[in-house]
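J.: take a look and give me a structure for this.
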Amino acid sequence: MPYLIHILVLLIAFLYASVGFGGATGYLAAMSFFSVPPQVMATAALVLNIMVAGISFSSFYRAGHLRGGLLWPFLVTSVPAAFFGGYFKISDQIYAILLYAVLTYVAFRMLLEKMQPSDDIQNLRPVPPLLAMAIGLGIGLLSGAVGIGGGIFLSPLILLAHWGTSKQASAVAAAFIALNSVSGLVGRMVGGTFFLDWFGLSLIPLGLVGALLGSYWGARHLSIPGLRRVLGFVMIFAVANFWWNLYR
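T.: Numbering: from 1, shown residues only. Model prediction:
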């Protein structure tokens, strides 16, 4: 079993990085199959997110795709909210429900999402600061509590609202994921919900290697829409079993 979960984390990290995300929901889904304690799951996923999203953000920043005005309205509330989400202790059952609600959203988004819209700079709209702060607050709380960065929610919102191009959305999401993950991790340290044993530590290098390889191959050789569908089917299997056992 330990060897199988290591292989799963490696493969899911590869798939997630291939479609441009940090991968926390994938790591959490893999660990949930093997009854890994929630504290270990959330902590390991946040550490992986910081490394992977940090690398991604560095690439987008150097390429000149970051718009500070698009990022800060979300961060001003999401970072403190992520801290409090990680700080407060929640029961294992509530954690599981929150986690699988997020995974269900991710699964259907991966399966049903169409190709990204063209990057038409002419039709971009300004970001309403108050709305962005409200969105950041909600995503930050959920991110800190579950152990994700929140970019999986923010990126499609930016594109659907025409607040930024796909590359700008990716740059903002990468920074959003990394900073929220740091905040959530600090909140867990302060609140006593941080826990990373040797098993959790052993997952980190595999997830990082998978993410680095996935980002390389996904950018050059692999079909992003096809991988998105494969990942969606994997996630459907993960969530269907949980909801069936919860409600039967």
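
J.: for the rest of this, base every contact and every neighbour count on C-alpha atoms.
T.: Noted.

J.: now stretch 194-203: mean pLDDT?
T.: For stretch 194-203, mean pLDDT is 85.

J.: so what touches it?
T.: 6, 9, 39-41, 43-44, 185, 188 (Cα atoms under 8 Å, 6 or more residues apart in numbering).

J.: and which of the residues you listed is nearest to Phe108?
T.: Val9 (20.5 Å; Cα to Cα).

J.: what sits against the closest one?
T.: Contacts for Val9 (Cα under 8 Å, 6+ apart) come out as 26-27, 30, 203, 206-207, 210.

J.: now do it against Ile50, distance only.
T.: According to Cα to Cα, to the nearest Å, Val9 stands 16 Å off from Ile50.

J.: shaky segments in the protein?
T.: 1-2, 17-21, 113-122, 215-232, 234-235, 237-238, 241-242, 244-248 (pLDDT under 70).

J.: which residues in it form helices?
T.: 2-18, 24-32, 38-62, 68-87, 92-112, 129-146, 151-160, 166-191, 198-220, 224-247 (DSSP state H).

J.: hmm, back to that, nearest to Gly164, of the contacts of stretch 194-203?
T.: Nearest member of these to Gly164, counting by Cα to Cα, is Leu185, at 28.4 Å.

J.: verify the stated contact: that closest one with Gly85.
T.: No. Leu185 is not in contact with Gly85 according to Cα atoms under 8 Å; the separation is 9.7 Å.

J.: got any residues that touch both of these two?
T.: Common neighbours of Leu185 and Gly85 (Cα under 8 Å, 6+ apart) are Gly144.

J.: phi, psi for Gly147 please.
T.: With angles defined as degrees, to the nearest 10, Gly147 sits at phi 100, psi 40.

J.: and for Thr193?
T.: According to degrees, to the nearest 10, Thr193 has phi -100, psi 10.

J.: circling back to that earlier point, so for Asn123, which of the helices of the chain sits nearest?
T.: Of these, nearest to Asn123 by Cα to Cα is helix 151-160, at 11.3 Å.

J.: so what touches the closest one?
T.: Contacts of helix 151-160 (Cα under 8 Å, 6+ apart): 21-22, 106, 117, 139, 164-166, 169-170, 172-174, 176-177.

J.: among the residues you listed, name the buried ones.
T.: 21-22, 106, 139, 164-166, 169-170, 172-174, 176-177 (16 or more other Cα atoms under 10 Å).

J.: let me have those in TSV, extended by distance to Phe74.
T.: Listed next are the buried ones among the contacts of helix 151-160 as TSV, based on distance: Cα to Cα, whole Å:
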residue	distance to Phe74
Phe21	18
Gly22	18
Val106	20
Ile139	9
Gly164	13
Thr165	16
Ser166	17
Ala169	12
Ser170	14
Val172	9
Ala173	10
Ala174	13
Phe176	8
Ile177	11
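
J.: Ala24 is in contact with Ala53, correct?
T.: No. The pair formed by Ala53 and Ala24 falls short of the contact definition of Cα under 8 Å, at 10.1 Å.

J.: so between these two, which is more surrounded?
T.: It is Ala24, of Ala53 and Ala24, that has more neighbours when counted by other Cα atoms under 10 Å, with 33 against 28.
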